[in-house]
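**Student:** take this sequence and fold it.
(chains A and B)
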Amino acid sequence: AQSVAQPEDQVNVAEGNPLTVKCTYSVSGNPYLFWYVQYPNRGLQFLLKYITGDNLVKGSYGFEAEFNKSQTSFHLKKPSALVSDSALYFCASLKGDSWGKLQFGAGTQVVVTP
Amino acid sequence: EAGVAQSPRYKIIEKRQSVAFWCNPISGHATLYWYQQILGQGPKLLIQFQNNGVVDDSQLPKDRFSAERLKGVDSTLKIQPAKLEDSAVYLCASSPTSGGYNEQFFGPGTRLTVL
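**Tutor:** Numbers count the residues shown, from 1 in each chain, chains lettered A, B, ... in the order given. Got it, this is the predicted structure:
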């Protein structure tokens, strides 16, 4: 079965410090991985995706993610967190047996304190 | 460009009542998705349309949920009758082509509370 796991319910970080949100995957075949962010009372917004190619993927709002095949991970990172980055972050994988069907992790709440 | 529109934003009903949600995707987007997001969980796909045809409805509880996408544009999701466990945020999303690697654009969601 295709799935992603986000081991942390919440990540707390001080503004200006590096931010990492963890995601591990379990997929058969080639993994297609995504990160989305959800701000309060708003829909999910796409941040970035890994389909193939470079293991370091750059996305919106200064975020990037590193695909690591040996560790089956796709961690989201930002060098310097902002208070406005406080939101709910979801990792997702594309189900190979159903084109376009995303399977989301449970989400990680990020809290950035001033 | 205008984003995905959903209405209503909030709905409170009693169990066994009926409710309907409406979604207007981004103009020109062929694929439309309905997700259910229960508090503390990630979104779960209920149904996927390609134009006005159903691509995947394997996780739609068909005994009480129904959805349609007339003329391949707007879509409605209906629950009849509602149960307590249907309390969730219902998200609509669209993408330009037939899903796949494309990012999905989400609406703000409809928060349903079933009492």
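
**Student:** next, count neighbours for the closest residue to chain B within chain A.
**Tutor:** The nearest approach of chain A to chain B comes at A:Gly100, 1.6 Å away (CB to the nearest CB). Where you see a C-beta, it was placed from the backbone N, CA and C, and this is true even at glycine. By the criterion of other CB atoms under 10 Å in any protein chain shown, A:Gly100 has 21 neighbours.

**Student:** isn't it up against B:Thr31?
**Tutor:** Yes. Using CB atoms under 8 Å, A:Gly100 makes contact with B:Thr31 at a distance of 6.2 Å.

**Student:** can stretch A:29-42 be found next to chain B?
**Tutor:** Yes. Looking at stretch A:29-42 against chain B by CB under 8 Å from any CB of the partner chain, the contacts come from A:Tyr32, A:Phe34, A:Tyr36, A:Asn41, A:Arg42.

**Student:** and the third one, what are its bridge partners?
**Tutor:** Bridge pairing for A:Tyr36 (DSSP bridges) gives the partners A:Phe46, A:Phe90.

**Student:** pull the contacting residues for it.
**Tutor:** A:Leu44, A:Gln45, A:Phe46, A:Leu47, A:Tyr89, A:Phe90, A:Ala92, A:Phe104, B:Phe106 (CB atoms under 8 Å, 6 or more residues apart in numbering or on different chains).

**Student:** what about the first one, how many neighbours?
**Tutor:** To tie it back to what came earlier, the one meant is A:Leu44. With neighbours defined by other CB under 10 Å, the count for A:Leu44 comes to 29.

**Student:** so it sits against A:Val37, correct?
**Tutor:** Yes. A:Leu44 sits in contact with A:Val37 when judged by CB under 8 Å, with a separation of 7.0 Å.

**Student:** residue nearest the middle of chain B, spatially speaking?
**Tutor:** Residue closest to the average C-alpha location in chain B (CA atoms, centre = their mean): B:Trp34, at 2.8 Å.
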